[in-house]
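Peer 1: sequence and predicted structure, then a few things I'm wondering about:
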Amino acid sequence: MVTLQDELVRTVVYEHPKALTEVPTHYCPGCTHGIAHRLVAEVIDELDIREHTVVVVPVGCAVFAYDYFNLDGVEAPHGRAPAMATGIKRSLRDRIVFTYQGDGDLAAIGTAEIIHAAARGENITTVFINNAIYGMTGGQMAPTTLPGQQTTSSPRGRDIRLAGNPLRITELLAQIDGTCYAVRRSLHSVREIRRAKKALMTAFRTQVNGLGFSIVELLSSCPTNWGITPPDSLKWIEDNMVPFYPLNDFKVSDSVLTMESGA
Amino acid sequence: MATGTIVINEIRCKGCTLCTTVCPQDIIHMDTGRVNEKGYTPAILVDPDQRCTGCAICAVICPDVCITVYRDIPASKLHRNVA
């Protein structure tokens, strides 16, 4: 009950995170890259680590992410972001270092780098954006393209007899001893976006606490190359990607559970 | 019911329509017949009856960080974490 003395004050409850610059992104309308950027920026703000965080950006649609994050950033050669992050983290141990990579970058040309960064247990965080397609180059089939999915290089749908099966990268990395935290989330609804932010928070906290390699995979949309509207794209993620790429915690190590319980 | 409002930074808006699909009060619409300086049809708040609750669901789904959300909070509760 609001009393007379208890005056209502119009208060900002949601605004542009400090870890994002004011530069408008070049992403297509409805692309969930913008949501992923914002979640990462919010987590960095809430952990108050902006002044000593370094982002390693990929080749792909997120290639200009260093302009959008108000952080120190470097651009890695295609797929080599985990290798660059390794070097930065080992030489500047007080920095929080994360890579932001798409599926073409991480799951194709960068497979070796990500697996060995995890195997070495590098204390870095990877944000893995999976939209089942090569976005920047015009919508070609990626290693993560779903069976039967039409792309510009699989116009009759991905034929798994010819092109093989999609890679479930996060499940793969969860089996490696150096990985402390490997989960998959999605950006297709407000509820899932909030769950994704919690996972990113945990992933960054594992690094602050020096627990090892952490990865959060985010199922993401590509309205332009999927050829459907932004709302339909989110529905497409829910109907087609989530059944193939389940939203689970594939590895939460004992050290992460201890951290989460506040012990 | 809580009250509030939103301010949409029209220059950043790309007209993706996602905010219009999630608003529980259905008070965000596309301002058809008009384009912003980038050439996109922007979203606008149409709230003559002050139905906005400042729930921030639109801001959570906006890919272009266009939306600032305000909520009317009793002065005695201002010290609490509201977001």
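Peer 2: Structure's in. What do you need?
Peer 1: every contact and neighbour count from this point should use C-alpha atoms.
Peer 2: Noted.
Peer 1: list the contacts for residue 19?
Peer 2: In the absence of a named chain, chain A is used. Going by C-alpha atoms under 8 Å, 6 or more residues apart in numbering or on different chains, A:Ala19 touches A:Ala41, A:Glu42, A:Ile44, A:Asp45, A:Arg50, A:Phe69, A:Asn70, A:Leu71.
Peer 1: my question was about chain B, not that one.
Peer 2: Contacts of B:Cys19 by C-alpha under 8 Å, 6+ apart are B:Ile28, B:Ala43, B:Ile57, B:Cys58, B:Ala59, B:Ile61, B:Cys62.
Peer 1: wait, which of those residues is closest to A:Gly60?
Peer 2: The shortest approach to A:Gly60 among the contacts of B:Cys19 belongs to B:Cys62, at 21.5 Å (C-alpha to C-alpha).
Peer 1: name the element the closest residue in space to A:Ala83 that isn't next to it in sequence belongs to?
Peer 2: Once flanking residues are discounted, A:Ala83 sits nearest to A:Glu113: 6.0 Å by C-alpha to C-alpha, 6 or more residues apart in numbering or on different chains. Assigned by DSSP states H and E, A:Glu113 belongs to helix A:111-119.
Peer 1: sheet-wise, list the partners of the helix or strand following that helix with their directions.
Peer 2: Sequence order places strand A:125-130 as the next helix or strand after helix A:111-119, per DSSP H and E. According to DSSP bridges, strand A:125-130 forms sheet pairs with strand A:96-102 (parallel), strand A:213-219 (parallel).
Peer 1: quick one on the thing from earlier: tell me what angle the helix holding A:Glu113 forms with strand A:213-219.
Peer 2: 130 degrees (axes from the mean of the first three to the mean of the last three C-alpha atoms, to 10 degrees).
Peer 1: low-confidence stretches in chain B?
Peer 2: Applying pLDDT under 70 to chain B flags residues B:79-83.
Peer 1: hmm, the residue nearest to A:Ala83 is touching A:Arg80, no?
Peer 2: Yes: between A:Glu113 and A:Arg80 there is a contact at 6.1 Å, judged by C-alpha atoms under 8 Å.
Peer 1: what about the two, which has more around it?
Peer 2: Shown here are A:Glu113 and A:Arg80; by other C-alpha atoms under 10 Å in any protein chain shown, A:Arg80 has more neighbours (25 against 19).
Peer 1: what's the closest non-adjacent residue to A:Phe69?
Peer 2: Take A:Phe69 and drop its neighbours on the chain: the residue closest to it by C-alpha to C-alpha, 6+ apart is A:Leu20, 4.5 Å away.
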